[in-house]
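>>> can you look at this prediction? I've put the sequence above it.
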Amino acid sequence: MSRHILILGGTSGMGLALAQAHAHLGWRISVVGSSADKVAHLQAQQPEWGVYRADLGDEGQRQALFAKLDALAPFERVVYAAGVYANERRFDLSAEESTTMLAINVQAFQAAFAWAAQRVAGKEAALVCFSSIAALVDYPYTSLYAQCKRAMWHTAAAYRTALAPRQVAVLAVASGYVDTAKLRQLNGGNATHKPFIVSEQRAVNEIMAALNARRDVAIFPKRMRVACALLNMLPQWAVGKIMRHKLDAKVLANK
């Protein structure tokens, strides 16, 4: 029987790219997305895949989805690639936007990992989450998005320790900017100005290499990893001052 991967948030972006990489290797593919249009499009394009629709931030829909997916378990890999991102400073988000970001990036992620931890098995057993380079720099004045991704990073570490006796790997991905359609949309159609940006294919290669080596983390690109390490060597107040200046300059440039 083919190895089976489930990707939550797999109908676009890096989730879809990772699904395609596994399909190329002969894996059985199941993906979940929230957009009816994207789900219908992918079902037409990939009739051999299992493509499901659910709003992971809605507890009722999430539980119904998990009940349906229980029939397909066990999976060898479960990937949490769902996420909500906004170009924001901490005080720019509305209450609704903040609630949605917490629901998808923290609450649904934690529920998904709790469910998946009991339904993953096999010689390549692994849980994967998409954190962010933004989670690795600790400084005041940080965004809600970065705080959510930091929570994800630490939750993955806890599961890594808990699942080690079962030989289940837990990979936390912390990438810089990846040139996805969503990132281009957020930046007026062109994201090439983003520092250290990498292609989707480069990101997929990094993640697949980390999975095959059963590494704990995949942090890339190297230049951004080094920049984060250097920032973390500074006092928090200094990092906060640097980042606040950078964010203020960005806001002024967009006015």
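Received it, and whenever you're ready, just let me know what you need. Residues are numbered from 1 along each chain as shown.
>>> which residues of the stretch 51-200 of the chain score low on pLDDT?
87-91 (pLDDT under 70).
>>> swap the cut-off to 80 and go again
86-92, 138-142, 183, 186-187, 195 (pLDDT under 80).
>>> and the helices in it?
In order along the chain, the stretch 51-200 of the chain carries the following helices (DSSP state H, counting those that start in this stretch): 59-69, 95-102, 109-116, 144-163, 181-186, 200-212.
>>> hmm, who's touching the fourth one?
Helix 144-163 is contacted by residues 85-86, 88, 90, 93, 98, 101-102, 105-106, 109-110, 113, 117, 127, 129, 131-132, 134-138, 169-172, 174, 216 when judged by CB atoms under 8 Å, 6 or more residues apart in numbering. (Glycine included, C-beta is placed from N, CA and C.)
>>> ChimeraX command for the buried members of these?
Applying 16 or more other CB atoms under 10 Å to the contacts of helix 144-163, the buried members can be selected in ChimeraX as follows:
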select :85,88,93,101,102,105,106,109,113,117,127,129,131,132,134,135,136,137,169,170,171,172,174
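>>> restricted to strands, list the contacts of helix 144-163.
Taking DSSP state E, the ones among the contacts of helix 144-163 that sit in strands are 127, 129, 169-172, 174.
>>> which of these sits closest to residue 183?
Residue 183 lies nearest to residue 174 out of the ones in strands among the contacts of helix 144-163, by CB to CB, at 15.9 Å.
>>> wait, isn't that closest one in contact with residue 217?
Yes: contact criterion CB atoms under 8 Å: residue 174 and residue 217 qualify, at 6.6 Å.
>>> what number of residues lie near residue 55?
For residue 55, the neighbour count with other CB atoms under 10 Å is 18.
>>> is it true that it touches residue 34?
Yes: using CB under 8 Å, residue 55 makes contact with residue 34 at a distance of 5.0 Å.
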